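Asks: return a 3D structure for these sequence lines:
(2 chains)
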Protein chains: 2
Amino acid sequence: MNMNTDINSNKTITMSHGSGGRSTSELIDEIFATSFDNEILSQMEDSSVVAGASKIAMTTDSFVVKPLIYPGGDIGRLSICGTVNDLLMRGSTPKYITCGFILEEGLDIQLLKQIVNSMAETAREANVLIVAGDTKVIEGNGGLMINTAGIGFIEGDRSIDATRIKHGDKIILSGNLGDHHATILKTRLSIENNLESDNAPLTDMVKNLFKEGINVHAMRDVTRGGLGTVLKEMAVKADVNMEITEQSLPVSDTVKDFCGILGLDPIYMGNEGKAVIIVPNEESENALSIVKESQYGENACIIGEILASDTEYTAGLEKSLSNGNVYMKTPIGGRRVVDVLQGEGLPRIC
Amino acid sequence: MNMNTDINSNKTITMSHGSGGRSTSELIDEIFATSFDNEILSQMEDSSVVAGASKIAMTTDSFVVKPLIYPGGDIGRLSICGTVNDLLMRGSTPKYITCGFILEEGLDIQLLKQIVNSMAETAREANVLIVAGDTKVIEGNGGLMINTAGIGFIEGDRSIDATRIKHGDKIILSGNLGDHHATILKTRLSIENNLESDNAPLTDMVKNLFKEGINVHAMRDVTRGGLGTVLKEMAVKADVNMEITEQSLPVSDTVKDFCGILGLDPIYMGNEGKAVIIVPNEESENALSIVKESQYGENACIIGEILASDTEYTAGLEKSLSNGNVYMKTPIGGRRVVDVLQGEGLPRIC
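Replies: Below you'll find the model as predicted:
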């Protein structure tokens, strides 16, 4: 049986690639198995068997970004980074990833190969193995959606959790805001500039923080919904108030200009390789240095802190003694209440 | 903040439900968290933390079935059964499930609630916890796709794997072929009959086999691609020849009639609650009794066996001394070579 012939004679995905029969297995053998090649995946039957650990982080993410390829990355790289970063944020070492492909009829097979190769390369960069997969084909116009799920192993009694956030803790942001969001939007609008998506796995950064013994209290990656949404969710879960300083927020000049023209607010723009890292005050300068020296962390800075629980703040017309609030000091000395993102955001950003 | 108001005042899903901001969190709180309610999910940040085990089975499956609701089940029930059964087939006890929802704009929120409730009910039946989730919204016409991924724990040195299949082993099929396939097709064709999908978790059956100490060599669930595809894949991986008897294959009269009219072959029809279980000859009658007494196993039977590796068979015009072949004895005494499904199958069956 010459399995090369069929896939290579087809230029696009057809319904038969979703049959579960010969065409599906040719697609798997020729494209997925070749790119993701590892011992565990090659032994997969209905599921794969992997070595475990006593404490595990587990997560899932679906990716529907349009366009499939954009400056700085593609849906394949994004799908690995998203799940790897979610696993890292609980202090786990990401280990095994599953991927579910939903292919639209008419998808260009060379494009699929390019995206699958990008996933494989990003998985190698993040040191995770793709151990199980699934492929479905639906009607459509050559699109592609990817789900990834993953597990990571957690060492000893390490616990990274918003409930550990304490008064006085400092808030580190690992780099510039808005790059992914602005890149997707400029690509759709055919605007020419030098922006690239920040889609990246934060493996090196998180590993270094733990290697250096930083007592990280909580971490979140700053994706869809943006920094504002993430901080507000953390403040509510931790039952604390936070204050950040608008002028401290790292935003590139290109994104600033872009936001100015389009009326976008960087604190609600999605990123795909940025983390909020909350650490004790006394460790914050050390933690910041470690982040800045790590891959993808060169623009990191301390953007704010956790307020004492009895701080009474007046922001705009609101006066609050309760917790779960995020305040932002503005450049002209005002204080703005930061809530989660309202409304639509940018559709199909990730 | 009155979170009930928003979701209940919306009748359909809009792009804002995919923003990652307030609307997304209302959707999660009001629909997913309410139905899937458990301690682990409620503590989810970017990922969830669960207790692990030293050996783990891991799998993923995306579900794109149309229609979303069909006699005997729905995409929600199917999405849990599919992943649970894949985990069971490696001898693991399914534990934790993640689910990724891709919602099309315009999806009826009451329909979504019904499907999510069905997932929750099936998860309870199968004794698994839904520990992490993700929601995306895309353009479309009110459709819905679900990815589930899961992990199961494997006891001791248990190993269920096609490579353990041996000469003389018997092949048990856990019940009637074709019910899910025929049900999806009759629903699309608006044919009235009493057919229902067999979508079911095989938790009880597999648990009973191990509880009674059956030395199961290999298992596969018989989904998309059908029995023919599954047996052929097993024969190739195990490097053995198999023979099944057409007359022994359990097929309901309704499905037989349906296949007769439409020219369908039950060995290539998809099922969603059927397993092939390969056991040593001397344990096969005992194993069959256990399966027949288990939930969803009442129509089980022994359908064939593994041939001696040097058996020389002539089937049609082919004469083969090599392994990896599946033969089927026909009612009139012929011998047919069974290959994997060729061509399209039924699109969007699962």
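Asks: need the per-residue pLDDT for whichever residue of the stretch 1-150 of chain A sits closest to chain B.
Replies: Closest residue of the stretch 1-150 of chain A to chain B, Cβ to the nearest Cβ: A:Gly21 (2.8 Å). To be clear about C-beta, it is placed using only N, CA and C from the backbone, and glycine gets the same treatment. Per-residue pLDDT puts A:Gly21 at 92.
Asks: could you do A:Gly343 as well?
Replies: Note on A:Gly343: pLDDT of 85.
Asks: can you count the residues close to it?
Replies: The number of residues packed near A:Gly343 is 11, by other Cβ atoms under 10 Å in any protein chain shown.
Asks: doesn't B:Gly20 make contact with it?
Replies: No - contact between A:Gly343 and B:Gly20 fails when scored by Cβ atoms under 8 Å: they sit 11.1 Å apart.
Asks: for A:Lys256, which residues are in contact?
Replies: A:Lys256 makes contact with A:Pro266, according to Cβ atoms under 8 Å, 6 or more residues apart in numbering or on different chains.
Asks: still on that earlier bit, setting the sequence-adjacent residues aside, check what's closest to the residue of the stretch 1-150 of chain A closest to chain B.
Replies: Nearest non-adjacent residue to A:Gly21, counting by Cβ to Cβ, 6 or more residues apart in numbering or on different chains: B:Leu341, 2.8 Å away.
Asks: thinking again about what came up before, the residue of the stretch 1-150 of chain A closest to chain B reaches B:Gln342, doesn't it?
Replies: Yes - in this structure A:Gly21 lies within contact range of B:Gln342 using Cβ under 8 Å: 6.1 Å.
Asks: spatially central residue for chain A, please.
Replies: The centroid of chain A falls nearest to A:Gly82 when counting by Cα atoms, centre = their mean (3.5 Å).
Asks: does that one really touch A:Asp61, like I thought?
Replies: Yes - with contact defined as Cβ under 8 Å, A:Gly82 and A:Asp61 form a contacting pair (4.4 Å).
Asks: close to chain B: what parts of the stretch 151-300 of chain A are there?
Replies: A:151-154, A:159, A:161-162, A:218-221, A:223-226, A:229, A:233, A:237, A:268, A:270 (Cβ under 8 Å from any Cβ of the partner chain).
Asks: which members of those residues occur in helices, if any?
Replies: A:Gly226, A:Thr229, A:Glu233, A:Lys237 (DSSP state H).
Asks: from those residues, which is closest to chain B?
Replies: Chain B lies nearest to A:Thr229 out of those, by Cβ to the nearest Cβ, at 5.4 Å.
Asks: what residues are up against the residue lying closest to that closest one once chain neighbours are set aside?
Replies: Leaving aside its sequence neighbours, A:Thr229 sits nearest to A:Val340 (Cβ to Cβ, 6+ apart; 4.3 Å). Counting by Cβ under 8 Å, 6+ apart, A:Val340 makes contact with A:Gly225, A:Gly228, A:Thr229, A:Lys232, A:Glu233, B:Gly21, B:Arg22, B:Ser25.
Asks: residue in the stretch 251-350 of chain A with the shortest distance to chain B?
Replies: Closest point on the stretch 251-350 of chain A to chain B, by Cβ to the nearest Cβ, is A:Leu341, at 2.8 Å.
Asks: that residue in helix, strand or coil?
Replies: coil (DSSP: H, G, I helix; E, B strand; the rest coil).
Asks: before we move on, back to that, ok, so what distance separates the residue nearest to A:Gly21 from A:Ile102?
Replies: 20 Å (Cβ to Cβ, to the nearest Å).
Asks: tell me the average confidence for stretch A:210-225?
Replies: For stretch A:210-225, the mean confidence score works out to 97.
Asks: just to revisit the earlier point, any chance of the contacts of A:Val340 in TSV, with neighbour count and distance to B:Glu39 too?
Replies: Shown next, in TSV, are those (neighbours: other Cβ atoms under 10 Å in any protein chain shown; distance: Cβ to Cβ, whole Å):
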residue	neighbour count	distance to B:Glu39
A:Gly225	23	24
A:Gly228	23	28
A:Thr229	29	24
A:Lys232	23	23
A:Glu233	18	18
B:Gly21	24	26
B:Arg22	21	25
B:Ser25	21	19
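Asks: from the residues you listed, which two are the most distant?
Replies: A:Gly228 and B:Ser25 (12.8 Å; Cβ to Cβ).
Asks: buried residues, the longest helix along chain A. List them.
Replies: Of all the segments assigned as helix in chain A under DSSP H, the longest by residue count is helix A:109-126. Within helix A:109-126, the residues scored as buried using 16 or more other Cβ atoms under 10 Å in any protein chain shown are A:109, A:111-113, A:115-120, A:122-123, A:125-126.
Asks: repeat for stretch A:297-310
Replies: Residues A:Gly297, A:Asn299, A:Ala300, A:Cys301, A:Ile302, A:Ile303, A:Gly304, A:Glu305, A:Ile306, A:Leu307 are the ones in stretch A:297-310 that count as buried (16+ other Cβ under 10 Å).
Asks: now the second one: how far from A:Val230?
Replies: Right, A:Asn299. 17 Å.
Asks: residue ranges with poor pLDDT in chain A?
Replies: By pLDDT under 70, the weakly predicted segments of chain A are A:1-9, A:310-321.
Asks: do that again at 90, thanks
Replies: A:1-10, A:308-323, A:333, A:343-345 (pLDDT under 90).
Asks: mind giving me the domain split of it?
Replies: A:3-153, A:162-338 (automatic domain parsing).
Asks: how much space separates A:Asp198 from A:Leu341?
Replies: From A:Asp198 to A:Leu341 the distance is 18 Å (Cβ to Cβ).
Asks: hang on, the earlier thing: closest to B:Met242 out of the buried residues of stretch A:297-310?
Replies: Using Cβ to Cβ, the buried residues of stretch A:297-310 come closest to B:Met242 at A:Gly297, 55.9 Å.
Asks: in this structure that closest one contacts A:Val291, no?
Replies: Yes - counting by Cβ under 8 Å, A:Val291 is a contact partner of A:Gly297 at 4.1 Å.
Asks: which neighbours do the two have in common?
Replies: A:Ser174, A:Met205.
Asks: state whether A:Lys256 is indeed within a strand.
Replies: No - applying three-state DSSP, one finds A:Lys256 to be helix, outside a strand.
Asks: mind listing the helices for the stretch 201-350 of chain A?
Replies: For the stretch 201-350 of chain A, the helices defined by DSSP state H, counting those that start in this stretch cover A:203-211, A:226-238, A:253-262, A:284-293.
Asks: mean neighbour count, those: which tops it?
Replies: Mean neighbour count (mean count of other Cβ atoms under 10 Å in any protein chain shown) peaks for helix A:226-238 among the helices of the stretch 201-350 of chain A, with a mean of 23.
Asks: by contact count, what packs against that one?
Replies: strand A:218-221, strand A:242-245, strand A:275-279, strand A:326-329, strand A:335-338 (3 or more Cβ pairs under 8 Å, 6 or more residues apart in numbering or on different chains; DSSP states H and E).
Asks: as a markdown table, those with distance to B:Asn193 and mean neighbour count would be great.
Replies: Output for the helices and strands packed on helix A:226-238, formatted as a markdown table (distance: least, Cβ to Cβ, whole Å; neighbours: other Cβ atoms under 10 Å in any protein chain shown):
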| stretch | distance to B:Asn193 | mean neighbour count |
| --- | --- | --- |
| strand A:218-221 | 51 | 25 |
| strand A:242-245 | 61 | 22 |
| strand A:275-279 | 56 | 26 |
| strand A:326-329 | 59 | 24 |
| strand A:335-338 | 58 | 17 |
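Asks: format those as CSV; extra columns: distance to B:Met145.
Replies: Output for the helices and strands packed on helix A:226-238, formatted as CSV (distance: least, Cβ to Cβ, whole Å):
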stretch, distance to B:Met145
strand A:218-221, 24
strand A:242-245, 37
strand A:275-279, 29
strand A:326-329, 34
strand A:335-338, 33
